[in-house]
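>>> Next input, structure requested:
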Amino acid sequence: MNAMIFAAGLGTRLHHYTKNCPKALVKLNGKPLLEHCILKMRAFGVDRIVINVHHFADQIEDFLESNKNFGMDIRISDERELLLDTGGAIKKAAPLFIPDSPVLIYNVDVLSSLDLGELLLAHKQNNALATLNLIDKKTDRYLCFNQDGLLCAWKNDATHEEKIVNDSHLNSKAYSFSGIHIIDSKLLELIEEEGAFSIIDLYLRLAKNHKIAGFYDSTELWMDLGKPEDLLKAETLLKK
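This is a model prediction of the structure:
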């Protein structure tokens with residue numbers, strides 16, 4: 001199985017920490033966020049990890065080299081020249097994945113107690129092209145899933161913008177997206193978009209003809225570590 005860790009972000013919300021280092025190397029309980037992710041992937045049994053880099057990319061490469069890739073098969077997807085957003089990142093990384101094997105995608109700044117085995121099982125049982133981990137969290141942007149558990153719309157409550165897949169959105173339920181998802185290798189062949197683009201927009205396009213499923217996560221721990229106060233909160237939580 002493959003995994004991709006999105007680690008190329010500028011970390012602007014963590015500017016106090018990211019003036020001189022990438023967000024992926026900001027520490028949580030003495031370990032960089034990237035290390036937490038890699039160890040989680042290793043424990044889950046991932047065979048290969050692809051990490052995209054942009055901001056202070058050399059530091060990430062040096063960190064991995066100094067730790068001998070934590071005994072993992074790790075490949076770098078280099079976005080130094082252009083930050084490609086989540087969809088563009090997956091497209092660029094596609095040649096680096098083990099062929100015909102699913103890809104677990106994980107944001108480097110997410111802390112979650114999600115059972116990855118349950119997510120993978122749901123993905124296989126649904127025979128889905130992609131399975132997105134969903135949570136209950138107040139936000140402006142929501143993904144809507146119909147009564148069959150399939151993606152049918154996106155909405156932004158702040159701007160009232162909507163992106164509709166089909167009429168099933170009329171009886172749908174809105175969820176927050178956790179930043180953890182699994183894609184089938186076949187999805188990589190269906191990417192037509194160019195340059196920098198959002199993987200959510202890709203999912204919305206593909207949902208018209210393919211199964212883009214949701215997996216609701218009822219576990220208690222999920223945190224976006226994108227802000228200094230969130231990091232401090234997570235530090236306190238993990239020390240208990």
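>>> how distant is the lowest-mean-pLDDT helix or strand in the chain from the center of its chain?
Comparing every helix and strand of the chain by mean pLDDT, DSSP states H and E singles out helix 15-18 as the least confident one, with a mean of 74. Put simply, helix 15-18 sits 21 Å off its chain's centre (C-alpha atoms, centre = their mean, to the nearest Å).
>>> Name the SS class of the residue most central in space within the chain, please.
The centroid of the chain falls nearest to residue 106 when counting by C-alpha atoms, centre = their mean (3.4 Å). Of the three states, residue 106 takes strand according to DSSP: H, G, I helix; E, B strand; the rest coil.
>>> wait, it sits on residue 6?
Yes - between residue 106 and residue 6 there is a contact under C-beta atoms under 8 Å: 7.2 Å. In this view, the C-beta of every residue, glycine as well, is placed from N, C-alpha and C.
>>> which residues do those two both contact?
residue 179 (C-beta atoms under 8 Å, 6 or more residues apart in numbering).
>>> picking up where we left off before, contact partners of the helix or strand just after the least confident helix or strand of the chain?
Next helix or strand after helix 15-18 toward the C-terminus (DSSP states H and E): strand 27-28. With contacts defined as C-beta under 8 Å, 6+ apart, strand 27-28 is touched by 33, 36, 111, 225, 231, 234, 235, 238.
>>> which neighbours does strand 27-28 have in its sheet, and in what orientation?
Strand pairing for strand 27-28, using DSSP bridges, gives strand 31-32 (antiparallel).
>>> Just list what the longest strand seen in the chain packs against, helices and strands only.
Determined from DSSP state E, the single longest strand within the chain is strand 173-183. Applying 3 or more C-beta pairs under 8 Å, 6 or more residues apart in numbering; DSSP states H and E, we find strand 173-183 packed against strand 103-107, strand 110-112, helix 116-125, strand 130-135, strand 141-145.
>>> weakest of the ones you listed by average pLDDT?
Mean pLDDT is lowest for strand 110-112 among the helices and strands packed on strand 173-183, at a mean of 93.
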